[in-house]
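K.L.:
this is the structure alone, sequence omitted:
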DNA sequence: CTAGGGTTAG
């Protein structure tokens, strides 16, 4: 391990973060949950730690982590003392105003005291104001302030925190001498700018120049740089070095390592570091839970969270925002509600991030009143909070509310809508038939160079026009876009053609898609449904033939429903559930009942838009129907049903469920692969377009 | 003497 880091770094070319691909795939492929319980087996140490023998452990640092009582500067009449007090109490703006007044005298001023500059630096950092930072530094230079190492480090920090990175870099280079704090400050600043490579190089330089000063703080930065670079290769070298230097029994280093490993796709190594920690604090727990979640192991992550509670560690707002996010991905409302309750109980009910995660969660469950409640109670909101709610309204066919919220947002100063906001509101307009408003917003985007519509916005407009049957306009929009058409745009057109039964254009769009994404099954199925719907049997057979030739097969469709915290899963024609006979009996009754209301089973074959053909011979016992039948017999007659599934609903089920809400007087929410269907009083929030 | 450290969202 004496091999020096510079050569190691040189060997290492263009690192790419290795992430679990399942996270970047479709937005909500939910899964049923089985929470594991954790015995904690000892894991094998990663081999690189065993191999590394040549470094000598350094004498243990005496932990100087004692917390000193901090006292405010005493009240005094002098301007600089007042300034210090203001800065101490976080009144940065006022402190800087006093500084300006102080400068008003002009001419030959004297330097302020070190403590006053300290306070000013804090004020500048608090406001992130580059202008103020520059003028404070200028004042120091102009008045002949005698810089010591401390003051130089403070200025360096001030510049970095105010975003003056290149000035800070120059300052750092020109420093007559640099101590550990100077290096750490500079490296940390570069990390904040996401200049990971430079940060890592600087860390190596520090190791060369003052190796004795590289302590656990520096190591944390080095490891963070590796996290940013996504390089487990470099990260494990640092782990190894830190291990030999005796720096790895530090909670900060351990947490940084856990984060590094999990962000580099090595969850087992992350877990090893975690298991080895003699004392695990909140951050370590939060990091490992987030790590499992990042890798898509949501159940394990939730299981670890329960383990965390058992261990007696106090959960914090980070815990809740992570756990709520996990619950949002899982098909579990009960776990989520408990997390919500715990968050409020422990005094984090006002946390911005956790509340935003809650909005997202409730919207994924179709509980828009709950989402709105959370939003209204939030003491502070950022753009993401607004986006989450606007998007939620859109996904549930509540376009009016989405637009109202969007208008409220644009009237506010301080927050400027971004790409996500626009996409959310355009989708909302489209799904609620507010085409006028949608077109208006789309036009307004194009007028402002900062919000030039992107491909996804065009796709949304294609959807909007297609919904109204304005297929020619939709096609024109695709052709006249300022960039080549994307998959999303053609897919939106294809859906429009299916609903509007436009065979020719549908075929055209489908062929574009087959060429662009030949592996994607749902495209073929949509075309198949178009052909079947218009009785073009031979064309349908052709599509099937092509699919077979390309070796396209799919997982069987399944749906699930949560009853009393237990998920119940159903596949097509499933008879494996213990209550299977009751379920089919109920299903039969309900189908008969809605039959008397005029429901007729859709005669021809109806394919689920994204499931293999051999999986479905008829839609009478599609998994969603089974899940709903089970929900009906196992919950009280007034409670709404929540069904989750990974495939899109077929026409027949969609029609049937609408009528089921009439005869049972229940609300039913189906969260499928592409959207929500909020069935109530015989209608669906999607407006029969999906 | 003071300063620099780890985790979170669409």
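P.N.:
Nice, thanks for sending it over. Nothing here was measured: the structure is a model prediction, and the numbers come from that model. Residues are numbered from 1 along each chain as shown, chains lettered A, B, ... in the order given.

K.L.:
now do the contacts for the nearest residue to residue A:177 once chain neighbours are set aside.
P.N.:
For residue A:177, ignoring the flanking residues on the chain, the nearest one in space by Cβ to Cβ, 6 or more residues apart in numbering is residue A:149 at 6.9 Å. Bear in mind the C-beta positions are built from the backbone N, C-alpha and C, glycine included. Residue A:149 makes contacts with A:177, A:179, A:181, A:182, as judged by Cβ atoms under 8 Å, 6 or more residues apart in numbering.

K.L.:
neighbour-wise, give me the winner out of those.
P.N.:
Neighbour counts for the contacts of residue A:149 (other Cβ atoms under 10 Å) peak at residue A:182, which has 21 neighbours.

K.L.:
pLDDT at that residue, what is it?
P.N.:
pLDDT recorded at residue A:182 is 95.

K.L.:
hmm, who's touching stretch A:433-445?
P.N.:
A:399-400, A:403, A:406, A:422, A:425-426, A:428-430, A:451-453, A:457, A:460-461, A:464-465, A:467-468, A:687.

K.L.:
which of those are buried?
P.N.:
A:399, A:403, A:406, A:422, A:425-426, A:428-430, A:451, A:453, A:457, A:460-461, A:464-465, A:467 (16 or more other Cβ atoms under 10 Å).

K.L.:
how is chain A divided into domains?
P.N.:
A:74-177, A:180-279, A:300-381, A:558-684 (automatic domain parsing).

K.L.:
let's have those domains in a markdown table, adding distance to DNA strand B.
P.N.:
Output for the domains of chain A, formatted as a markdown table (distance: least, Cβ to the nearest atom of the strand, whole Å):
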| stretch | distance to DNA strand B |
| --- | --- |
| domain A:74-177 | 3 |
| domain A:180-279 | 3 |
| domain A:300-381 | 3 |
| domain A:558-684 | 13 |
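
K.L.:
just the ones of the buried ones among the contacts of stretch A:433-445 in strands?
P.N.:
Among the buried ones among the contacts of stretch A:433-445, none falls in strands (DSSP state E).

K.L.:
if we can go back for a sec, among the contacts of residue A:149, which two are most distant?
P.N.:
A:177 and A:181 (11.5 Å; Cβ to Cβ).

K.L.:
restrict the buried ones among the contacts of stretch A:433-445 to contacts with DNA strand B.
P.N.:
Filtering the buried ones among the contacts of stretch A:433-445 for proximity to DNA strand B by Cβ under 7 Å from any atom of the strand leaves nothing.

K.L.:
mind checking which of these are in helices?
P.N.:
Residues of the buried ones among the contacts of stretch A:433-445 located in helices (DSSP state H): A:399, A:403, A:406, A:422, A:425-426, A:428-430, A:457, A:460-461, A:464-465, A:467.

K.L.:
where does confidence bottom out across the residues you listed?
P.N.:
Among these, residue A:467 has the lowest pLDDT, at 87.

K.L.:
and that residue, what does it touch?
P.N.:
A:430, A:431, A:433, A:435, A:496, A:499, A:687, A:689.

K.L.:
check residue A:481 too.
P.N.:
Residue A:481 makes contact with A:455, A:458, A:489, according to Cβ under 8 Å, 6+ apart.

K.L.:
check residue A:110 too.
P.N.:
Residue A:110 touches residue A:143, counting by Cβ under 8 Å, 6+ apart.

K.L.:
just the one 10 residues further on next, same as before
P.N.:
When contacts are counted by Cβ under 8 Å, 6+ apart, residue A:120 is found next to A:83, A:87, A:95, A:96, A:99, A:112, A:136.

K.L.:
what helix or strand is it located in?
P.N.:
helix A:114-127 (DSSP states H and E).

K.L.:
can you give me the buried ones in that helix?
P.N.:
Buried, per 16+ other Cβ under 10 Å, within helix A:114-127: A:114, A:116-127.

K.L.:
would you turn the residues you listed into TSV with pLDDT?
P.N.:
Shown next, in TSV, are the buried residues of helix A:114-127 (pLDDT from 0 to 100):
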residue	pLDDT
A:114	91
A:116	92
A:117	94
A:118	92
A:119	93
A:120	93
A:121	94
A:122	93
A:123	93
A:124	94
A:125	93
A:126	91
A:127	91
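
K.L.:
from DNA strand B, how far off is residue A:541?
P.N.:
As judged by Cβ to the nearest atom of the strand, to the nearest Å, residue A:541 and DNA strand B stand 41 Å apart.

K.L.:
phi, psi for that residue please.
P.N.:
Main-chain torsions, residue A:541, degrees, to the nearest 10: phi -60, psi -40.

K.L.:
what is the neighbour count of it?
P.N.:
Residue A:541: 12 surrounding residues under other Cβ under 10 Å.

K.L.:
okay, it: pLDDT?
P.N.:
pLDDT at residue A:541 comes out at 83.

K.L.:
residue A:182 versus the residue nearest to residue A:177, what's the distance?
P.N.:
7 Å (Cβ to Cβ, to the nearest Å).

K.L.:
hmm, residue A:516 is touching residue A:488, no?
P.N.:
No. The pair residue A:516 and residue A:488 fails to qualify as a contact (Cβ atoms under 8 Å) at a distance of 10.3 Å.

K.L.:
related to what we said a few turns ago, would you turn the contacts of residue A:481 into a markdown table with distance to residue A:246, pLDDT and neighbour count?
P.N.:
What follows is those, written out as a markdown table (distance: Cβ to Cβ, whole Å; pLDDT from 0 to 100; neighbours: other Cβ atoms under 10 Å):
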| residue | distance to residue A:246 | pLDDT | neighbour count |
| --- | --- | --- | --- |
| A:455 | 53 | 89 | 16 |
| A:458 | 57 | 92 | 24 |
| A:489 | 58 | 91 | 26 |
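
K.L.:
which parts of the stretch 251-400 of chain A are strands?
P.N.:
Defined through DSSP state E, counting those that start in this stretch, the strands belonging to the stretch 251-400 of chain A form an empty list.

K.L.:
that older thread, now the helix holding residue A:120, how far from the centre of its chain.
P.N.:
The chain centroid and the centroid of helix A:114-127 are separated by 35 Å, computed with Cα atoms, centre = their mean, to the nearest Å.

K.L.:
identify the residues contacting residue A:518.
P.N.:
residue A:550.

K.L.:
tell me, what's the model's pLDDT at it?
P.N.:
For residue A:518, pLDDT reads 82.

K.L.:
let me know the helix or strand that it is in.
P.N.:
Going by DSSP H and E, residue A:518 is not part of any helix or strand.

K.L.:
nearest residue to the middle of chain A?
P.N.:
Centroid check for chain A by Cα atoms, centre = their mean gives residue A:325 as the closest residue, at 8.0 Å.

K.L.:
surely that residue and residue A:357 touch.
P.N.:
Yes. Contact criterion Cβ under 8 Å: residue A:325 and residue A:357 qualify, at 4.9 Å.

K.L.:
and residue A:575, how far from residue A:631?
P.N.:
17 Å.

K.L.:
these two - which one has more neighbours?
P.N.:
Taking other Cβ under 10 Å, residue A:575 and residue A:631 do not tie; residue A:631 has more neighbours (23 against 12).
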